Structure formats: structure tokens, C-alpha cells
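S.K.: Sequence first, then the predicted structure:
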Amino acid sequence: MLDLKFIREFPDKVKTGLANKNDDPTKVDKVLELDLKRRDIITQVEELKAKRNQASQQIGMMKKSGEDATSMIAEMKRVSDMITDYDGKLSEIENDLDGILSWLPNLPHESVPVGKSSEENVEDRKWTPDGFSFENDFKVKDHVELGKSLKILDFERGAKVSGSGFPVYINKGATLERALINFMLDYHLQHHGYAEVFPPFLVNAESMRGTGQLPKMAEDMYTCEKDGLYPIPTAEVPITNLHRNEILSEEELPIKYVGYSACFRREAGAYGKDSKGFLRVHQFNKVEMVKFVKPETSYDELEKLVVDAEDILQALKIPYRILKLCSGDLSFSAAKCYDIETWSPAENKWLEASSCSNFEDFQARRASIRYRKLSDKKPEFLHTLNGSGLATSRLMVSILENYQTPEGKIIVPEVLQKYTGFKVIE
RNA sequence: GGAGAGGUGGGUGAGUGGCUGAAACCAACGGUUUGCUAAACCGUCGUAGUGGGAAACUGCUACCGAGGGUUCGAAUCCCUCCCUCUCCGCCA
């Protein structure tokens, strides 16, 4: 949620930001118009309420002293009816206003390159392990072939059990997946100072609104209508909402959580493109990092967040590159975002395996997550960030394909071997 | 799923229609006292919206789990929902 006062004060900045995010800047004018109406009604209705409160007190005293208050009560009844009337109008306006505000995306940070689409994202840096080459001296198999020939992935049976996009890991594939998750969690706990969270996988609508999935992404989410719950598209949702409607103290910041969850996405309308194997699935596993920080530190924390994710890839010796997303490619809630993409030799391209974002106070305002400064007793919205550390599906593509041998075996990355208990999949 | 009890400020906890935005205590913060610490004493001590003010500050309004209703007036009465606890049933 954007700050209404900020919109009031700097409408042009908001308009520019919206335009850069491919949104409609004229929404700002509607907001300002409704805000004006709203404040006008508030002044009137509050004046009436003050009058009523005063009179009610007087009526109480008159009754106590045995005086007749009939005419005053009759008059106040009229005033009360007027109040009901104004309150109705007010809530109508506030609904309309909220209807627009909850659909307004966060504004891009000034350091974000302006651009329309993913084509204008900017490569920030690239890393490859020692001895790595983009050229292969044998014909590489893709992850689907490898999964099939080694009997470690079963997309067909997943489709039978659930539908397409629900991959099954089996045999050493299942163990490798579990090893990868455990390795990533342990790494963040031991080297990066995160606290571990194992969150719920279903959340309520209020949580979805808090992090910004609702209302805009409703079509991309699964629903459990009977219970008003949603399977989470990312652990960001339950973990960020852990502190919804809370006021934290300055001393406890930054709070850094890491948690595993399965992630569920409908991917409505995404069929046909990049849908092979793991490239686009409805359920995948992800280790997610979430930070709650003081506003003045959030951009430093964003850089550190990216490095935390990179450390995992360097330990796994997987080639990756980092993109700075342009304004038009930023997600709804993000002010700035880096994507980390890992290399797929079979696809001969980079695959998005992580997204690290600073939401500034956008989610904090929606979810009302504040902190109290030591110097100033007034609570303030904090900043939230999150980053995948990382998603296993795309990462698994890169691991299988980069670690394959000419004979079609997979060497287990060294750091995972103690987790898997085996060194080769053949 | 059935029966019962309950949800009040950072915490404990009073409050069953009118001067209660809310007693008291604890915690916290500021101060006095003190060689230091402790104790004692005094004071401050919720959030949001809206208006006034350059600001410090201040007026008003709202908020006692959430949303409705009754009433001139609701923490207090009524309805719906949510949550917590206890017991029973079911169950990984």
C-alpha cells in the first residue's frame, strides 16, 4: 500500500512511478478526488459526533437530577440519523478509495533502471566455477531426459496423480531434492545468521493481502473456498505475516528468517511457453529468506540478501548471473529486485532460480508491521525484504545438467554428498 | 463435530448502559534522593484518523477479538463470525 499522505503531497512522483511500472497514472487523480471528498465528510460527521457526545452526557445528568430530557432526546435522535447517513457515505467512499489503493503497485526505487519488460533488465554480474565452459565437448541431455533415464523424476505419473506441472521425485531424485533443501537451510542458519521457521502452507486472505498477492494476483493462486484459505505461492507470505499487526522494538531489528515451503502456483495462462519438465510447474520447493529491517538499512540488506543466495550457488558450483530488474518487470510489491539465474546447458539459457526484493514499507503498511524507535516513541513502518535462497526446481535443472557425465550419470555436488549419502546417480 | 468457559492497553487484571480511553498493580521511560547499585518518592506512559500550529504541542473523532444491531448514549445489552482454553467424539 502506498501512503495516502505521500500521494497527496507528491502526486507527480507517484504518477511517474506508476507509469514506469506499466500502470495507469490517472488512478492518482481518482485517489486525490476521493481523498478530498472523504476528508470533507469526516469533518462534518465528526462535528456531529462531538455534538452528540456532549448532549448525551447532558441527558445523563438531567435524568439523574430528575429533569425532563424528552425534547433533547428527540433532537439527538435526528442528529444520530444524520450521523448514520454521513457514516454510510463515508464508508462508501472509503471502500472506493481502498479499492484503488489496494491495486496500486509499489513505486520503483530511484536506482531501478526504467524499462518496459524483461528485455530491459540489466545484467549486474556473472559467476562461473573454475574450469567451467559454456561449450560442452559431448552432447548434453536435458533434465527431463536425465530424469527419465536415471529414474529419478517422473512427470507422467505426477500428471496422473495430480495433473501436469506436479512433478514427482523418486529414488535418488527424491533424496537429492531433500538433501538440497536441507543443505540450503543449514547453510543460511550456520553462515548467514537466519532463524529457522517452518511455516503453514495454507494462509488466510488477510495474509495474502498483507504481502500483496491479493487482490491483484487472485487468478494465480489456488483456493480452498470452503475454509477461506489459500495454498501459499511462496513462504514469503506466511513468514512476512508472522509479524502482521505488531509493533516491534528497534533492538530486535533486523529480524532474519529462513524457511522451507512447498509453493503452489496456478500459472494461469502460462501454458505453452517454457513448460517443459521443471521449467514451469504448479508445485515446487523453495527455501525463502525474509528480513524485517530499519528503513535506513534496507538497501544494504538487499545487497546482503543477494550475496546470501549467491553463496549457495558458489558452494554448489553452479554458474549464475544476476539481473537488476527494470521498472516494468518489477513485481507488484517490489521497489527493487534482483533476479538470480542459473545456467542450463541443455536449454542453452539462464533460468530464474531466485528473486531478491526490497518492498520498503509497502508490505509493512498493508500488514501493519511497525517498530518503535529508541529515540522516538512514535511507531514507524519498517521495511521488509525477501529472497529465494533458492527455488529447487530450476536449480535442480542446473544441477542435473551441469553435473552430468558423458555416460549420462550425475555426480552429486560435493557439498550435498554428506546429505545424500551417495556421490553418483547412475 | 458436541458441551462449557473466555477474549479489555507491553503484561496481570477491574469494570453489566451515562464524567471509563478505560481503576489498580507490574514492566518501561524521565526526575528527586544516593559515593555506586538497590530501595523509596514524584511524574510520564496505547493506536489511528482529522483539524489548528513553523514547531514543541494541541482540539475533536474512532478503537476494549472482528462485523452488524438496539439506544439520545454501548467495553457493558442483542445477533453473526473468528480465536484461545477445558471436557467428549474422531484422527495422522
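M.R.: Received the coordinates, thanks. Numbering: from 1, shown residues only, chains lettered A, B, ... in the order given.
S.K.: Contacts only, for residue A:344.
M.R.: Counting by CB atoms under 8 Å, 6 or more residues apart in numbering, residue A:344 makes contact with A:142-143, A:350-351, A:397-398, A:401. For the C-beta atoms, the positions are set from N, CA and C on the backbone; glycine is no exception.
S.K.: Tell me which helix or strand residue A:98 sits in.
M.R.: Per DSSP states H and E: residue A:98 is located in helix A:70-101.
S.K.: List the buried residues of that helix.
M.R.: Neighbour-count burial for helix A:70-101, counted by 16 or more other CB atoms under 10 Å, picks out A:76, A:83, A:86, A:90, A:93, A:96-97, A:101.
S.K.: Check which element follows it along the chain.
M.R.: strand A:122-127.
S.K.: For that following strand, which outside residues touch it?
M.R.: Strand A:122-127 is contacted from outside by A:113, A:310, A:313-314, A:319-324, A:326, A:338, using CB under 8 Å, 6+ apart.
S.K.: between those, which is nearest residue A:246?
M.R.: Nearest to residue A:246 among the contacts of strand A:122-127: residue A:338, at 27.8 Å, using CB to CB.
S.K.: Just confirm that closest one is within a helix.
M.R.: No: using DSSP: H, G, I helix; E, B strand; the rest coil, the secondary structure at residue A:338 is strand, not a helix.
S.K.: next SSE after the helix or strand harbouring residue A:307?
M.R.: When elements are assigned from DSSP H and E, residue A:307 belongs to helix A:298-316. The element immediately downstream of helix A:298-316 (helix or strand, assigned by DSSP H and E) is strand A:320-324.
S.K.: Note down every partner strand of that next one and its orientation.
M.R.: With DSSP bridges as the test, strand A:320-324 is paired with strand A:122-127 (antiparallel), strand A:336-344 (antiparallel).
S.K.: Now do the last one: distance to the chain's middle.
M.R.: This means strand A:336-344. Here the centre of strand A:336-344 is set off from its chain's centre by 16 Å, with CA atoms, centre = their mean, to the nearest Å.
S.K.: Over to stretch A:72-90?
M.R.: Mean-position distance between stretch A:72-90 and its chain equals 43 Å (CA atoms, centre = their mean).
S.K.: Same check on stretch A:280-287?
M.R.: That offset, for stretch A:280-287, works out to 15 Å (CA atoms, centre = their mean).
S.K.: Pull out the buried residues from it.
M.R.: Residues A:280-287 are the ones in stretch A:280-287 that count as buried (16+ other CB under 10 Å).
S.K.: For the residue of the stretch 301-426 of chain A found nearest RNA strand B, give me its contacts.
M.R.: Of all residues in the stretch 301-426 of chain A, residue A:379 sits closest to RNA strand B, at 4.9 Å by CB to the nearest atom of the strand. By CB under 8 Å, 6+ apart, the contact set of residue A:379 is A:247, A:370-372.
S.K.: most surrounded residue in those?
M.R.: Top of the contacts of residue A:379 by neighbour number is residue A:371, holding 24 neighbours under the definition other CB atoms under 10 Å.
S.K.: For the stretch 201-350 of chain A, what lies in contact range of RNA strand B?
M.R.: Residues of the stretch 201-350 of chain A lying near RNA strand B by CB under 7 Å from any atom of the strand: residue A:247.
S.K.: The helix or strand of chain A with the lowest mean pLDDT pairs with which strands?
M.R.: One helix or strand of chain A scores below all others by mean pLDDT, DSSP states H and E: strand A:246-249, with a mean of 87. If you go by DSSP bridges, strand A:246-249 pairs up with strand A:369-372 (parallel).
S.K.: Show me chain A divided up by domain.
M.R.: The record's domain parsing of chain A by automatic domain parsing lists A:4-101, A:118-425.
S.K.: First-to-last residue distance for stretch A:371-383?
M.R.: 10 Å (CA to CA, to the nearest Å).
S.K.: Buried residues of it, list them for me.
M.R.: For stretch A:371-383, burial by neighbour count (16+ other CB under 10 Å) applies to A:371, A:379, A:381-383.
S.K.: Surely residue A:382 is in contact with residue A:296?
M.R.: No: assessed by CB atoms under 8 Å, residue A:382 is found out of contact with residue A:296, at 10.6 Å.
S.K.: How many residues are close by residue A:421?
M.R.: Neighbours around residue A:421, by other CB under 10 Å: 11.
S.K.: can you check residue A:405 too?
M.R.: Neighbours around residue A:405, by other CB under 10 Å: 11.
S.K.: residues contacting it?
M.R.: Residue A:405 makes contact with residue A:411, according to CB under 8 Å, 6+ apart.
S.K.: Same check on the one 10 residues further on?
M.R.: Taking CB under 8 Å, 6+ apart, we find residue A:415 in contact with A:183, A:315-316.
S.K.: from the chain's centre, how far out does the longest helix seen in chain A sit?
M.R.: Assignment by DSSP state H gives helix A:27-64 as the longest helix of chain A. Distance of helix A:27-64 from the chain centroid (CA atoms, centre = their mean) equals 38 Å.
S.K.: Can you give me the buried ones in it?
M.R.: Buried residues in helix A:27-64 (16+ other CB under 10 Å): A:27-28, A:31, A:34-35, A:37-38, A:41, A:45, A:48, A:55, A:59.
S.K.: Dump those residues to a markdown table, plus distance to residue A:409.
M.R.: Shown next, in a markdown table, are the buried residues of helix A:27-64 (distance: CB to CB, whole Å):
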| residue | distance to residue A:409 |
| --- | --- |
| A:27 | 56 |
| A:28 | 59 |
| A:31 | 60 |
| A:34 | 64 |
| A:35 | 65 |
| A:37 | 70 |
| A:38 | 67 |
| A:41 | 72 |
| A:45 | 75 |
| A:48 | 80 |
| A:55 | 87 |
| A:59 | 89 |
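S.K.: Nearest to RNA strand B among those residues?
M.R.: residue A:59 (3.8 Å).
S.K.: Is the closest one in contact with residue A:75, as I believe?
M.R.: No: contact criterion CB under 8 Å: residue A:59 and residue A:75 do not qualify, at 10.2 Å.
S.K.: Excluding chain neighbours, what is closest to residue A:416?
M.R.: The shortest distance from residue A:416 to any non-neighbouring residue, by CB to CB, 6 or more residues apart in numbering, is to residue A:179 (4.8 Å).
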